[in-house]
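Student: Fold the following and give me the result.
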Amino acid sequence: MPAPISLDTIRSLPKVLLHDHLDGGLRPATVIELADTIGWSLPSTDVGELSAWFTAGASTKDLSKYLATFEHTLAVMQHEDAIRRVAREAVEDLVADGVVYAEIRFAPELHQDQGLSLQEIVEAVADGVRTAERDAAAAGTPITVNLILCAMRTGDRSLEIATFTERVRFTEPKVVAFDLAGAETGFPPSMHAEALAHARTHLLNLTIHASEPPDLELISDALAHGAHRIGHGVRLQSGMLLTPNGQAILGQLARYVMDHQIHLEMAPTCHVHVGAVESIEAHPIARFLRLGFNVGINTDNRLMSDVTVSGEYHVVATTHELSWAEVEQLVVNGLRSSFAPREQRERLVNDVVRPAFAAVSS
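Tutor: Residues are numbered from 1 along each chain as shown. Below you'll find the model as predicted:
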């Protein structure tokens, strides 16, 4: 008999995470301690109250208000020791949640208020990640974590960050991709065409956020500028028509994404919080999965949305009555769409994921 799809069982299984922001995943207690160290004023110094404050700000269904909560996490991440600690703790939390491969992203330009160089910031993050990786391996719970560097699409440093990403990957192999992040409406990828052209010319992996209005136009623009994956992509649902008998007629963009198996880095709870969908029940991830789209489950910002990787898998699986085979497919989709070397991806799929899911689904 297959095991029930419980939160504990999902937590025990190997999972993948491709879309998780470093400055959106701090422990509330860490925010309080670091803020006290630098004299930064927070909405509350009670762990429970502060956690609730972040989630309340995220659940406004307004992306600009959601993003405003990052003022406090970024304020405490302006020194190397703090950045190193946040990176280490992020990986520790993922290990405890059963994640075996993750890609964590951050915008180095947002951590320079106290004069740190881009290189120093990346080195601090990588050092924190490696410390946690070594500890996890010693404890018999190995994890591999790589890094994605973001440029802020509301700023004017995208070419600089793309050029830096292209250079730093040779000295810091944990850097595996380039991204455009931040507010999207009014800031399409085409505004950063020079940076994205540089990334393509130098064979950088590209994932680009596309989750806001004007819906299909942002996704199409991201693909036109070379995105290998789409951050979120939930609004692709407006590019298909569901018939009364449950069949789907795909528009040109949805057909392209399907046929080319462009991976959609979906973060269901976040999509509810920013107003992209009304509820988890209304989220299209299960429909996309069953139609054959290449979709995966992510957290986006674990602190702001008060989520874990296992929790997101569990709520989607139980709400949409996924089978174990479908849950496994979500994990495999993520691994095979990651920016890790192909042989590493396949090893994790065949030696780690498949055996673990076979044990609970048989």
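Student: CA only for contacts and neighbour counts going forward, please
Tutor: Will do.
Student: what about the strands in the stretch 1-150 of the chain?
Tutor: Secondary structure of the stretch 1-150 of the chain (DSSP state E, counting those that start in this stretch): strands at 15-21, 99-106, 144-152.
Student: which residues touch the longest one?
Tutor: Read that as strand 144-152. 91, 100-109, 126, 129, 133, 157-158, 161-162, 165, 174-182, 340 (C-alpha atoms under 8 Å, 6 or more residues apart in numbering).
Student: If any of the residues you listed are buried, give me the ChimeraX selection for them.
Tutor: Only the buried entries of the contacts of strand 144-152 go into this ChimeraX selection, using 16 or more other C-alpha atoms under 10 Å:
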select :91,100,101,102,103,104,105,106,107,108,109,126,129,133,158,161,162,165,174,175,176,177,178,179,180,181,182,340
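Student: and the contacts of strand 144-152, which of them are in helices?
Tutor: Counted as lying in helices by DSSP state H, out of the contacts of strand 144-152, are 91, 126, 129, 133, 158, 161-162, 165.
Student: and the gap between V274 and C150?
Tutor: 20 Å (C-alpha to C-alpha, to the nearest Å).
Student: Neighbour count: the two, which is higher?
Tutor: The neighbour comparison of V274 against C150 (other C-alpha atoms under 10 Å) goes to C150, with 25 against 21.
Student: closest one to V327 among the strands of the stretch 1-150 of the chain?
Tutor: strand 15-21 (9.8 Å; C-alpha to C-alpha).
Student: For the closest one, name the packing helices and strands.
Tutor: Packing partners of strand 15-21 (3 or more C-alpha pairs under 8 Å, 6 or more residues apart in numbering; DSSP states H and E): strand 99-106, helix 324-336.
Student: okay, L26: pLDDT?
Tutor: In this model, L26 is scored at 98, pLDDT.
Student: For it, grab the count of nearby residues.
Tutor: Other residues close to L26 by other C-alpha under 10 Å number 21.
Student: got the contact list for it?
Tutor: By C-alpha under 8 Å, 6+ apart, the contact set of L26 is 73, 86, 89-90, 302-303.
Student: of all those, which comes closest to T45?
Tutor: Out of the contacts of L26, the member with the shortest distance to T45 (by C-alpha to C-alpha) is T73, at 13.5 Å.
Student: Which residue, neighbours along the chain excluded, lies closest to the closest one?
Tutor: Excluding the flanking residues, the one nearest T73 by C-alpha to C-alpha, 6 or more residues apart in numbering is D23, at 5.9 Å.
Student: That neighbour - how many residues pack around it?
Tutor: 28.
Student: What lies in contact with stretch 67-87?
Tutor: Contact with stretch 67-87 is made by 22-24, 26, 30-31, 34-35, 38, 40, 42, 54, 57-58, 110-114, 116, 120-121, 124-129, 182-183, 304, as judged by C-alpha under 8 Å, 6+ apart.
Student: most surrounded residue in the contacts of L26?
Tutor: Using other C-alpha under 10 Å as the neighbour criterion, V86 leads the contacts of L26 with 27 neighbours.
Student: hang on, the earlier thing: any chance of the contacts of L26 in CSV, with distance to A137 and pLDDT too?
Tutor: CSV is the format used below for these (distance: C-alpha to C-alpha, whole Å; pLDDT from 0 to 100):
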residue, distance to A137, pLDDT
T73, 28, 98
V86, 19, 98
E89, 15, 99
A90, 16, 98
R302, 23, 98
L303, 25, 97
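Student: shouldn't P284 be in contact with S238?
Tutor: No: P284 is beyond contact range of S238, at 10.3 Å (criterion: C-alpha atoms under 8 Å).
Student: Looking only at neighbour counts, state which of the two leads.
Tutor: Using other C-alpha under 10 Å as the criterion, P284 and S238 rank with P284 on top: 17 against 12.
Student: The closest residue to R27 other than its chain neighbours: what's it in contact with?
Tutor: Nearest-residue entry for R27: L303, 6.9 Å, with adjacent residues in sequence omitted and distances by C-alpha to C-alpha, 6+ apart. Contacts for L303 (C-alpha under 8 Å, 6+ apart) come out as 24-28, 51, 54-55.
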